[in-house]
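1. what follows is a predicted structure for the sequence shown.
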Amino acid sequence: MTTFFFGKKDENPRKKRVPRLILVQNPLTWLMIKIDFGVLKTVWDPSFIEREFKFGTKQAISRVTQVISGGEFSELNGLLTKAARLSLLRELDRNWGERQRSLLALQRDDIQISSPRKVYFIRIGDKKFCDVDMAFLALKWAPINSIDSLIFAEIFARFHREYTPHCIPEWTIAYFKVTRFEVLRRQQKKAQNL
């Protein structure tokens, strides 16, 4: 079971404080993922570094949310597989209004937690694939009708890479879903005395 808490985050005194998210993960799940990443590094990809992978996934998620927010869906080509892109576009068309989409844009620093959930090693004939399920938790302030609002987003993504010899060595997003998107708190701007 996953639990998250809100705490204080160090801040620039001129910026509005964003609460800090803390993830408490099942220790067995954490250990299994560490073992799987060890297998990925030692058996499949000696250049794999978990920290760099997580950094790259945060950048990719940030970019996808910015593309969605800007409505520039052709920019999703190359970031998502064709199936993931079509699924995401259907989801946006059915369930997301323009205002929600515009609020979704995340900067990399808005994403406080990037947590691996499961690693899959797949062999089909002589082809080798690796999928990594990731969960992302983000918080940011955004103005809604001139009121500063704290927005929470939880995103699930599956990162996919083919490890068959002579394939392009890059990760793509094979599945992308915003699993939670909520306005947590609104704060009125203080009136100034004239």
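-> Received it, and whenever you're ready, just let me know what you need. Numbering: from 1, shown residues only.
2. alpha carbons only for contacts and neighbour counts from here, please
-> Noted.
3. any idea which helix or strand comes after the longest strand seen in the chain?
-> In the chain, assigned by DSSP state E, the strand with the most residues is strand 127-144. Scanning forward in sequence from strand 127-144 by DSSP states H and E, the next helix or strand is strand 147-162.
4. just the buried positions in that next one, please.
-> 148-162 (16 or more other C-alpha atoms under 10 Å).
5. that strand: partners in the sheet, and parallel or antiparallel?
-> Strand pairing for strand 147-162, determined by DSSP bridges: strand 127-144 (antiparallel), strand 172-187 (antiparallel).
6. between these, which one is nearest to Ile68?
-> strand 172-187 (11.3 Å; C-alpha to C-alpha).
7. quick revisit: most packed of the strands paired with strand 147-162?
-> Highest mean neighbour count among the strands paired with strand 147-162 (mean count of other C-alpha atoms under 10 Å): strand 127-144, with a mean of 18.
8. where does this structure have low pLDDT?
-> For the chain, the stretches with pLDDT under 70 are 1-15, 185-194.
9. gap between whichever helix in the chain runs longest and the chain center?
-> Secondary structure of the chain read by DSSP state H shows that its longest helix is helix 50-70. A distance of 6 Å separates the centroid of the chain from that of helix 50-70, by C-alpha atoms, centre = their mean, to the nearest Å.
10. so Ala153 makes contact with Ala135?
-> No: judged on C-alpha atoms under 8 Å, Ala153 makes no contact with Ala135 at a distance of 10.5 Å.
11. list residues touching both of the two?
-> Here Ala153 and Ala135 have no joint contacts, going by C-alpha atoms under 8 Å, 6 or more residues apart in numbering.
12. quick one: buried residues of the helix or strand following the longest helix of the chain?
-> The C-terminal neighbour of helix 50-70 among helices and strands, as given by DSSP H and E, is helix 82-95. Of the residues in helix 82-95, Ala84, Arg85, Leu88, Leu92 count as buried by neighbour count, 16+ other C-alpha under 10 Å.
13. check stretch 22-37 too.
-> Residues of stretch 22-37 classed as buried under the neighbour-count rule (16+ other C-alpha under 10 Å) are Ile33, Asp36, Phe37.
14. identify all contacting residues around stretch 108-123.
-> With contact meaning C-alpha under 8 Å, 6+ apart, stretch 108-123 is reached by 20-23, 29, 33, 36-37, 54, 57-59, 61-62, 128-140.
15. sorry, that was for stretch 127-145
-> Here stretch 127-145 has contacts from 16, 18-19, 21, 58, 103, 106, 110-123, 148-164, using C-alpha under 8 Å, 6+ apart.
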